[in-house]
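> Would you be able to build a 3D model of this:
(2 chains)
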Amino acid sequence: DTGVSQDPRHKITKRGQNVTFRCDPISEHNRLYWYRQTLGQGPEFLTYFQNEAQLEKSRLLSDRFSAERPKGSFSTLEIQRTEQGDSAMYLCASSFRPTEAFFGQGTRLTVV
Amino acid sequence: QKEVEQNSGPLSVPEGAIASLNCTYSDRVSQSFFWYRQYSGKSPELIMSIYSNGDKEDGRFTAQLNKASQYVSLLIRDSQPSDSATYLCAVRGGAQKLVFGQGTRLTINP
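Residues are numbered from 1 along each chain as shown, chains lettered A, B, ... in the order given. As a prediction, this is how the structure comes out:
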């Protein structure tokens, strides 16, 4: 499968726990994006990497959220001390230069 | 004002008719424009990209761009029940990130 891969597909966690999601982009894509989507809304930008550099981070992203992309390959998104309001679909997308971006299947997070 | 605006719908169209979806954006330096289709519970799927003024056709889909009016549209000809989904407009501006509208829910009635 040469598409964008996200793991896990679903995550249920208790409030206050930390969670980490992984995204493997399409192999030749140097740009990687993280989005969050709640029911009835469009994807909301979280952060963006070009190779290993994190070039932009949304003001919506509190200091409980951190993302990394070591060596410009896969990326991880960590949420510390989860809150119920963090429940959403977390989407990863990748692109080659500023062209079309392709999404993975997403990770659905439920905080109970 | 939102960066990318779409009518949330629902938009109901009879099978075989033309569905017309609209989107406006606020960043005048935007260069790239995309339409994604999203089925319930699934991730967005890219269906069209457009970079210059005018029309771009791909099968039953036509994207239209008017940069002067900051307006993008998507036409779906010969609508099928399988076209029922939420359609997301996305715009890439000077900051390089993709900004999405809230999506328009389209229902094709048999």
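> roughly how far apart are the residue of chain B found nearest chain A and residue B:46?
Per Cβ to the nearest Cβ, residue B:100 is where chain B lies closest to chain A, at 3.7 Å. From N, CA and C alone the C-beta is placed, and that goes for glycine too. The spacing between residue B:100 and residue B:46, counted by Cβ to Cβ, to the nearest Å, is 12 Å.
> between those two, which one's more packed in?
Just comparing residue B:100 and residue B:46: by other Cβ atoms under 10 Å in any protein chain shown the higher neighbour count belongs to residue B:100, 23 against 17.
> So which residues on chain A come close to chain B?
Neighbours of chain B within chain A, by Cβ under 8 Å from any Cβ of the partner chain: A:31, A:33, A:35, A:40-45, A:48, A:50, A:55-56, A:89, A:91, A:93, A:98-106.
> Let me see the contact set for the residue nearest to residue B:5 when sequence neighbours are not counted.
Leaving aside its chain neighbours, residue B:5 sits nearest to residue B:24 (5.1 Å; criterion: Cβ to Cβ, 6 or more residues apart in numbering or on different chains). Neighbour list for residue B:24: B:4, B:5, B:69, B:70, B:71, B:72 [criterion: Cβ atoms under 8 Å, 6 or more residues apart in numbering or on different chains].
> how about the nearest residue to the fourth one, chain neighbours excluded?
Put plainly, it is residue B:70. Distance criterion Cβ to Cβ, 6+ apart; nearest residue to residue B:70, sequence neighbours excluded, is residue B:25 at 5.3 Å.
> how close does the one you found sit to residue B:45?
Taking Cβ to Cβ, one finds residue B:25 at 21 Å from residue B:45.
> For the most centrally placed residue in chain A, which residues count as its bridge partners?
The centre of chain A sits closest to residue A:34, judged by Cα atoms, centre = their mean, with a distance of 3.6 Å. Beta-bridge pairing for residue A:34 (DSSP bridges): residue A:47, residue A:92.
> pull the helix or strand with minimum mean pLDDT from the chain.
Here I'm looking at chain A. One helix or strand of chain A scores below all others by mean pLDDT, DSSP states H and E: strand A:53-57, with a mean of 91.
> I was after chain B.
Lowest-scoring helix/strand for chain B, mean pLDDT, DSSP H and E: strand B:98-100, at a mean of 92.
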